[in-house]
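Colleague: starting from these lines, generate the structure:
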Amino acid sequence: MNITAILLVAAIQGSPQSTGPEHAAYDPTAAYTHNHEGDFGEELRVLEQSLRCSCGCTLDLHTCQLNMQCGVSPRWSARILQLLEGGETDEAILDEFVAEYGKAVLIAPPLEGFNWVGYLTPAMALVMGGALVGLVLRRSIRSRQPQPVEAVSEGEWERLQSEIRKIEEEEAASDW
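Modeller: Numbers count the residues shown, from 1 in each chain. Below is the predicted model of the structure:
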């Protein structure tokens, strides 16, 4: 089930229907008349949330019918309910809509062909991003570890000793 559709339905639960004639398929006579009770209620809702309404709103059928008052979604819902009551399976109903309107009618594209790229790309991006962050952190941790000093020249040793003496003298003078 599409998480966006669930969040959208949850956000607008209880809000009044749209009466906006600015929607291209707005039908003032359309009403949200069906419910999801009875033998096929839950199955009807799941199928409605699996299909994209063709009115141009790009919402799933259930959400469009609930909020947009278009003339398409009530007819499609009635058709789905009729097919369910006639004994059709969910897959057969979805296949019928795909045969009539194409795969674009499905909210989630089927896992076949090039569609795999859409499903795998986010996961691969997360894995690659995690690997990159791990490499960067590993490299930065390695660079911070102290490195052993090779042989120190006589000039460097004398300069180090004089710097240490200066620091000690400054500390001694500030103690007073």
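
Colleague: list the buried residues in stretch 105-115.
Modeller: For stretch 105-115, the buried set under the neighbour-count rule, 16 or more other C-beta atoms under 10 Å, comprises 105-107. Using the backbone N, CA and C atoms, a C-beta is placed for each residue, glycine as well.

Colleague: right, and the helix or strand after the longest helix along the chain?
Modeller: Using DSSP state H, we find that the single longest helix of the chain is helix 115-144. Of the helices and strands lying after helix 115-144 in sequence (DSSP states H and E), the nearest is helix 154-175.

Colleague: chain center to that following helix, what's the gap?
Modeller: Taking C-alpha atoms, centre = their mean, to the nearest Å, one finds the center of helix 154-175 at 61 Å from the center of the full chain.

Colleague: which of the buried residues of stretch 105-115 sits closest to residue 63?
Modeller: Residue 63 has its nearest neighbour among those in residue 107, at 10.1 Å by C-beta to C-beta.

Colleague: got the phi/psi numbers for the closest one?
Modeller: Here the main-chain torsion angles of residue 107 (degrees, to the nearest 10) amount to phi -60, psi -50.

Colleague: about what we covered before: dump the buried residues of stretch 105-115 to a markdown table, plus pLDDT.
Modeller: As requested, the buried residues of stretch 105-115 are arranged in a markdown table below (pLDDT from 0 to 100):
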| residue | pLDDT |
| --- | --- |
| 105 | 87 |
| 106 | 86 |
| 107 | 83 |
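
Colleague: out of these, which is nearest to residue 73?
Modeller: Ranked by distance to residue 73 (C-beta to C-beta), these are led by residue 105 at 12.4 Å.

Colleague: residue 52 versus that closest one, what's the distance?
Modeller: Residue 105 is 6 Å from residue 52, where distance means C-beta to C-beta, to the nearest Å.

Colleague: what sits in contact with each of those two?
Modeller: Shared contacts of residue 105 and residue 52, defined by C-beta atoms under 8 Å, 6 or more residues apart in numbering, are not found at any residue.

Colleague: okay, now the unreliable bits of the protein?
Modeller: In the predicted model of the chain, residues 1-37, 68-69, 145, 175-176 satisfy pLDDT under 70.
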